[in-house]
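Visitor: Here is a sequence together with a model predicted from it:
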Amino acid sequence: MTNHVEEIKNKLDIVDIVSSYINLQQASGNFRANCPFHNEKTPSFMVSREKQIWHCFGCDKGGDLISFVEEYEGIDFKEALKILAEKANVPLTGFSSAKKEDHSKLYEINKEAAKFFHNILEQDTEASKKVLKYLDKRQVKKGSIINWQLGLSSESWDGLLRYLVTEGYGEEDIFKAGLIVKKKDNSGYVDRFRKRLMFPISDTQGRVVAFTSRTLTGIVYDEEEFGGKYINSPQTAIYDKSKTLYGWHLAKDVIRQKKYLIVVEGNMDVIASHQTSAKNSVAVSGTALTLDHIKLIKRYANNVILAFDGDAAGSRASFRSISLCWQEDMNVKILVSPKGKDPADIIKSNPDEWLQFIKDSIPVMDYYFKRIFQAIDINRADHKKVAVQKLLPIIKYLKTEIEQVHYLKILADKLNVPFEILKKDLDQATSFLEKQDTVVQKVVQDKKDSATLLAERIFMIAFFKNQYLDKLISELDPDMIIESFQDLYKKVIIYYTKHQNLEKFGNFEELSDEEKEMWIRLSMSGEKDYNEIKEVDLANDFQHLISRLKKESLDIQRQGLINQLRQAETSDDQAKQDEISHKINLINKEVYKLQS
Ligand SMILES: [Zn+2]
């Protein structure tokens, strides 16, 4: 299969392929376009012919030509490869059977794991009794526990692992299924989930593909559990959280029937809602609503109700979900439950109240108008201004001019100001997301520590122009770089040493998905930021960054030695003190050299 992929990639050019879908413009060395995956007016989508990769700086998506076709057509890897194989005239023999076989093990393992967890919950133990009591208190019915195959993970470090091995599964496959993690000292594996309430997550066909788990601290166990309230399965070959909706397999027929669905926030909310007549409820797990979710939904219904708790509907994250739905021409309504009361709570005290909330949900724009007009006095000029400032960026976001004009008229009427004035303001307004994005980006930027920023900048240049990579490798050991970049850097060194260029580094089979994504993001950022910078400035920049990074690394080493020296001083070990002092002196000299 790898050979097919290689062959197809070699025969096709990413620029030709992407151009066949969208309008790519050549701009100094690379290609740009308005991103097809998010709504924008200035192009932040870039394609590199040299590296055969693409990346969008607006929505952070990126990959190779296969992933572009996957993303654009809303299809999986196999289907995308088929399309491209045809274009490249490469026959795909024996391809589908090999791929199928590969995954069936992972499905089996997850299915067995769900059974294992469910059985523990059914056993008569102290822990299971307490969990069942908790579920009963939250009014999760016995039938729901069975339908949703709720479970309990074992108290031992390797309960599941040992069970699956005796069932004949290999450690490698169990690891690939996301159920075990490597021990810190690399001496084997332990269970990912221990002492937790387990919720199996199923794919659209109802096969268990992953788990989400809730801590039982305070319910069964006293001690603080490692890993926080919720732990989820990682991304695996069969599980992608950005494409999976919790409860979909049990909700989809009802969704088709009722022609709408309700997206709630938690697993418990879904289960509770399914205990009422609102069985068309699903939840996202550990992510916001994505375009993939919406594309899945659209195949069944065009109407979605997003359930929010309190003011959350007004947040930027919520607006992202809303705008994605708009982008796909979905009708969106908002359901707002009282602050601090999630759907499961409402249903617990009165299931009919939940159905009433669903009935009372309102279209998004009406929600925004209501929310903003509740807070202002329309007789005051300054309040009118606030309403305009808040609503125009949202109206600006609407897809068609017809919709924009519609709501602009309502706004003009409500405020009793001439429509033309608002229209002029609208033309000058920035849309809600663009405005919020810059603010958020800045905060994120500030938070990133300087070591990360420094490493990012250095890699951006080195990935952009390979002559800097030679310099980097000769001057900088991997352990001088911040830990999160070390593995990628090591792999770059291995690959570059062998091939003397990084053109096809994206295909390097040693790369994890995360590293591949990092590589794409950094090399495209390099092209974007350094393309128009003069060679001599770039060289200076690079040297300066390396010196700074070296200095920071030396500072950290020096601080460690100073701590050691303090300890040695208390123990009266003169020889040791001298040795450490000597090392500190050496570092001081190096720092001095760097500064001069
Ligand atoms: Zn984008």
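Guide: Structure received. As the structure is a computational prediction, the values presented were derived from the model and not from experiment.

Visitor: quick one, phi psi at the residue positioned nearest the centre of the chain?
Guide: The residue lying closest to the centre of the chain (Cα atoms, centre = their mean) is residue 287, at 6.4 Å. The phi and psi values for residue 287, taken as degrees, to the nearest 10, are phi -160, psi 160.

Visitor: so it touches residue 242, yeah?
Guide: Yes - counting by Cβ atoms under 8 Å, residue 242 is a contact partner of residue 287 at 5.6 Å. Heads up, the C-betas are built off the backbone N, CA and C, glycines and all.

Visitor: picking that back up, give me the nearest residue to the residue nearest to the centre of the chain, chain neighbours excluded.
Guide: Leaving aside its sequence neighbours, residue 287 sits nearest to residue 241 (Cβ to Cβ, 6 or more residues apart in numbering; 5.2 Å).

Visitor: Tell me how far that neighbour lies from residue 288.
Guide: 11 Å (Cβ to Cβ, to the nearest Å).

Visitor: The two: who's more crowded?
Guide: Neighbour count, other Cβ atoms under 10 Å: between residue 241 and residue 288, residue 241 has more, with 22 against 12.

Visitor: OK, contacts around the more buried one?
Guide: Residue 241 makes contacts with 210, 232, 235, 284-287, as judged by Cβ atoms under 8 Å, 6 or more residues apart in numbering.

Visitor: Now residue 306: which helix or strand?
Guide: Element membership of residue 306, judged by DSSP states H and E, is strand 303-309.

Visitor: Note down every partner strand of that strand and its orientation.
Guide: If you go by DSSP bridges, strand 303-309 pairs up with strand 260-264 (parallel), strand 331-337 (parallel).

Visitor: which residues sit against stretch 384-403?
Guide: Looking at what lies outside stretch 384-403 - Cβ under 8 Å, 6+ apart - the contacts are 39, 319, 323, 326-327, 329, 365, 368-369, 372-373, 376, 378, 404, 407-408, 411, 414-415, 417, 422, 425-426, 429-433, 435.

Visitor: Can you list the buried residues in that stretch?
Guide: 384, 387-388, 390-398 (16 or more other Cβ atoms under 10 Å).

Visitor: thought residue 193 was touching residue 159?
Guide: No - shown here, residue 193 and residue 159 do not form a contact pair, counting by Cβ under 8 Å, at 9.6 Å.

Visitor: okay, and the common contacts of those two?
Guide: With Cβ under 8 Å, 6+ apart, residue 193 and residue 159 have common neighbours residue 153.

Visitor: quick one: which of these two has more around it?
Guide: Legend: neighbour count by other Cβ under 10 Å for residue 193 and residue 159, higher for residue 193 (26 against 18).

Visitor: On the three-state scheme, that one is what?
Guide: Using DSSP: H, G, I helix; E, B strand; the rest coil, the structure places residue 193 in coil.

Visitor: and it, what does it touch?
Guide: 117, 153, 160, 179, 211, 213, 231.

Visitor: Closest to the ion out of those?
Guide: The shortest approach to the ion among the contacts of residue 193 belongs to residue 231, at 29.8 Å (Cβ to the ion).

Visitor: partners of the nearest residue to the closest one once chain neighbours are set aside in the sheet?
Guide: Distances taken as Cβ to Cβ, 6+ apart put residue 213 closest to residue 231, at 5.0 Å, once the chain neighbours are dropped. Beta-bridge pairing of residue 213 under DSSP bridges involves residue 198, residue 231.

Visitor: same check, this time on residue 53
Guide: Counting by DSSP bridges, residue 53 forms beta bridges with residue 48.

Visitor: Just name the most buried of the strands paired with strand 303-309.
Guide: The highest mean neighbour count among the strands paired with strand 303-309, using mean count of other Cβ atoms under 10 Å, belongs to strand 260-264: a mean of 25.

Visitor: After it, which helix or strand is next? Please name it.
Guide: Following strand 260-264 toward the C-terminus (DSSP H and E): helix 267-274.

Visitor: Check which helices and strands that following helix sits against.
Guide: helix 142-147, helix 248-258, strand 260-264, strand 281-284, helix 343-349 (3 or more Cβ pairs under 8 Å, 6 or more residues apart in numbering; DSSP states H and E).

Visitor: Counting neighbours, what do you get for the residue lying closest to residue 135 once chain neighbours are set aside?
Guide: Of all residues not flanking residue 135 in the chain, residue 145 sits nearest, at 6.4 Å (Cβ to Cβ, 6+ apart). The local packing of residue 145 (other Cβ under 10 Å) involves 19 other residues.

Visitor: The lowest-mean-pLDDT helix or strand in the chain: what's the following helix or strand?
Guide: Using mean pLDDT, DSSP states H and E, helix 432-447 stands out as the lowest-scoring helix or strand of the chain, at a mean of 45. Remark: after helix 432-447, the chain's next helix or strand is helix 450-464, criterion DSSP H and E.

Visitor: Give the buried residues for that next one.
Guide: 451, 454-464.

Visitor: Could you save those residues as a markdown table and add columns showing distance to residue 482 and pLDDT?
Guide: Shown next, in a markdown table, are the buried residues of helix 450-464 (distance: Cβ to Cβ, whole Å; pLDDT from 0 to 100):
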| residue | distance to residue 482 | pLDDT |
| --- | --- | --- |
| 451 | 4 | 74 |
| 454 | 8 | 84 |
| 455 | 5 | 89 |
| 456 | 9 | 89 |
| 457 | 12 | 88 |
| 458 | 11 | 92 |
| 459 | 11 | 93 |
| 460 | 15 | 91 |
| 461 | 16 | 92 |
| 462 | 15 | 92 |
| 463 | 17 | 91 |
| 464 | 20 | 87 |
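
Visitor: what would those residues look like in JSON lines with distance to the ion?
Guide: Listed next are these as JSON lines, based on distance: Cβ to the ion, whole Å:
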{"residue": "451", "distance to the ion": "28"}
{"residue": "454", "distance to the ion": "27"}
{"residue": "455", "distance to the ion": "25"}
{"residue": "456", "distance to the ion": "20"}
{"residue": "457", "distance to the ion": "23"}
{"residue": "458", "distance to the ion": "26"}
{"residue": "459", "distance to the ion": "22"}
{"residue": "460", "distance to the ion": "19"}
{"residue": "461", "distance to the ion": "24"}
{"residue": "462", "distance to the ion": "25"}
{"residue": "463", "distance to the ion": "21"}
{"residue": "464", "distance to the ion": "21"}
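
Visitor: If anything else comes up later, I'll come back, but that's it for now.
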